[in-house]
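Asker: When you get a sec, could you give me coordinates for this:
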Amino acid sequence: YADSDGGNVGIGTNSPTADLSVLGNLSRALTGHVMASAGSRAITGAETRFSEELRVGDSLLIGDAVFVVAGITSDTALTVNTAPTVSTHNVTAYTDSDLLIVETGAEKTALVVDRAGNVGIGAAAPKAKLDVAGGVKVGNETVCDAGKAGTIRYDDAGRAVEFCDGSGWSRAGLQGEQGPRGLKGDKGEPGATGARGLRGERGPTGTTGPQGLRGLAGAMGPRGLKGDKGDKGDTGETGPQGKQGLKGDKGDPGIIKPVVNLKPLNQAPANPTNGDLYFNSSGALCVCIDGSWKKVEGNGYCTAVVYFNDFSAGAGTEWTNPTTSKANGESFLAAASHGSGRGTNSLTLSGLPTHTKVTVEFDLYIINSWDGNDGGGVGPDNWRLTVDGNQNLLYTSFATHNPRTQAYPSQLPPFGNGASNPYGTGSTERGHLGSGGYGDWTYRLSFTFNHSASNISLNFTSLQNQAPGDEGWGLDNVKVSLD
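Answerer: Numbers count the residues shown, from 1 in each chain. A predicted model of the protein is given here:
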């Protein structure tokens, strides 16, 4: 803004009171999100960096209200000068950026005035009211009175820096008395090698050294006398087969040894035909009858995979929400790359062949700041898996950061007694999706349960209490097998 009447110029203000007036506009966004309660001076943050990005005395814009930072407790907790009148949740806070920056053509900082009023000359982040990265030249001054107390000058006549104490110039205060002698310093590095000295007299003869290496073989000597007869040589090779001999007498009965050895497999071979056999690594001998695997013997099972999806080619109508996303090159079932929000995504399969048991296996991704068992407002963050809407397979909580704890691998009441395990307990991998913030955790889960109906509905439910981007989840490598 330029004042056409007075010629003053304003940046951030329509009422400049000097040739150039600058008013901070609280435009620099802080990292993370903040929460404030009406009537309380305490401000809390999620994924914030208060200690790094703020100082006591800084201005802070939360919603439509401006406050002054009164104290900083940690990266996620601070107090302001007055309590807000309106509660806010999960919003971005703003503070002043630097008021003035002057750079050279090479983008080197020459002059800066930061939001605290500190002036830096050659210093990009001034730590005092005046911070100079280099020497300071001080000229001569003649007047020293109460109004100039604290002034420094260079006395041209005395060629020394002097200090005004309000009544006169002196060098006291700038140069103190000589201090005591310091401690002896550490031993220095060895000096360079000196010039070569004169050759000394020849020393006494040393002791005889060890025997040297064996020399090269000499030339071949003349032929020796004939030696004694040597030992008998080795038996020669077998000659050709002779004519068939006479029939021998009848031998004793032999012992029957195994004629078939089946290599254990961890799943049934694909596309079997009637009569095919295989040995399942769970401990079952299986035979294909009418296109299905039947157990012949053993305590294991003969499993048939009826569904598998790694979501590299998307998902179909078997899911209530078939949306897939990709993160760090991995495709998975989720509403976005930072995961899905609170709710249920169900897998429904129909026309299943005859069976008595079902096994479901999958990778569960827990993404960003899950708070596990916390009951202070940011948690608890629970997760559940049920069958056909009533049979519980898993009801637990997950956490991804300190000081939060989680119930997994234990179940929450009424299906278990819960637990306070460290965050990440039972996970198989961290960072597979390359998520920022608190990262992502992979849990490889497997459940086997009794089931005989021709249809099945598997309900994957997240009960986290914050939106995706703060807390998210997803599924991958989902496999359903029958036995």
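Asker: Around the closest residue to H432 other than its chain neighbours, how many other residues sit close by?
Answerer: In space, H432 comes closest to T442 once its chain neighbours are excluded; the distance is 5.2 Å by Cβ to Cβ, 6 or more residues apart in numbering. Any C-beta I mention is one placed from the backbone N, CA and C, and that applies to glycine too. Per other Cβ atoms under 10 Å, the neighbour tally for T442 reads 18.
Asker: again, but for Y408
Answerer: Neighbourhood size, Y408 [other Cβ under 10 Å]: 25.
Asker: In contact with the nearest residue to it once chain neighbours are set aside, which residues?
Answerer: Spatial nearest neighbour of Y408, excluding adjacent residues (Cβ to Cβ, 6+ apart): T396 at 4.3 Å. Counting by Cβ atoms under 8 Å, 6 or more residues apart in numbering, T396 touches 382-384, 406-412.
Asker: Can you select the buried ones from the residues you listed in ChimeraX?
Answerer: Per 16 or more other Cβ atoms under 10 Å, the buried members of these correspond to this ChimeraX selection:
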select :382,383,384,406,407,408,410,411,412
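Asker: okay, and the helix or strand of the protein with the least pLDDT?
Answerer: strand 20-22 (a mean of 68; mean pLDDT, DSSP states H and E).
Asker: Could you give the bridge partners of M35?
Answerer: T44 (DSSP bridges).
Asker: Contacts only, for S51.
Answerer: S51 touches 72, 74-75, counting by Cβ under 8 Å, 6+ apart.
Asker: Which segments of this protein make up each domain?
Answerer: Using automatic domain parsing, the domain ranges for the chain come out as 26-95, 307-482.
Asker: Quick one, which of the ones you listed gets closest to A270.
Answerer: domain 307-482 (11.4 Å; Cβ to Cβ).
Asker: first to last residue in that closest one, what's the distance?
Answerer: The straight-line separation of the ends of domain 307-482 (Cα to Cα, to the nearest Å) is 10 Å.
Asker: Check stretch 432-451 too.
Answerer: So stretch 432-451: terminal residues 33 Å apart, Cα to Cα.
Asker: gap between it and the chain center?
Answerer: 15 Å (Cα atoms, centre = their mean, to the nearest Å).
Asker: Now do the buried residues in it.
Answerer: Buried-residue list, stretch 432-451, by 16+ other Cβ under 10 Å: 432-433, 435, 437-443, 445, 451.
Asker: Stretch 125-139 too?
Answerer: Neighbour-count burial for stretch 125-139 flags 126, 131 (criterion: 16+ other Cβ under 10 Å).
Asker: can you start the count at 30 instead of 1 from here on
Answerer: Happy to do that; since the first residue is 30 now, the last one works out to stretch 154-168.
Asker: I figured R70 was touching A99, is that so?
Answerer: Yes - between R70 and A99 there is a contact at 7.1 Å, judged by Cβ atoms under 8 Å.
Asker: what is in contact with the two at once?
Answerer: With contacts defined as Cβ under 8 Å, 6+ apart, the residues shared by R70 and A99 are 108-110.
Asker: rewinding a little: please identify the most buried of the domains of the chain.
Answerer: domain 336-511 (a mean of 18; mean count of other Cβ atoms under 10 Å).
Asker: one step back: hang on, the residue nearest to H461 packs against F361?
Answerer: No - assessed by Cβ under 8 Å, T471 is found out of contact with F361, at 10.2 Å.
Asker: Give me the distance between K508 and C173.
Answerer: Look at K508 and C173: by Cβ to Cβ, to the nearest Å, they are 88 Å apart.
Asker: same thing with A221?
Answerer: 53 Å.
Asker: quick one, which of the two is more surrounded?
Answerer: C173 (19 against 5).
Asker: pretty sure the more buried one is touching S196, no?
Answerer: Yes - the criterion here is Cβ under 8 Å, and C173 meets it with S196 at 7.1 Å.
Asker: So for those two, which residues contact both of them?
Answerer: With Cβ under 8 Å, 6+ apart, C173 and S196 have no common neighbours.
Asker: and D194, how many neighbours does it have?
Answerer: Neighbour tally, D194, other Cβ under 10 Å: 15.
Asker: Give me the nearest residue to it, chain neighbours excluded.
Answerer: Here the residue nearest D194, using Cβ to Cβ, 6+ apart, is A178, at 6.1 Å.
Asker: can you pull out the helices in this protein?
Answerer: Taking DSSP state H, the helices of the chain run over residues 79-82.
Asker: and the residue nearest to H461, how far is that from L504?
Answerer: Relative to L504, and taking Cβ to Cβ, T471 is found at 11 Å.
Asker: Quick check: neighbours shared by the two?
Answerer: In contact with both T471 and L504: 392-394, using Cβ under 8 Å, 6+ apart.
Asker: which among these gets closest to N147?
Answerer: Y394 (45.6 Å).
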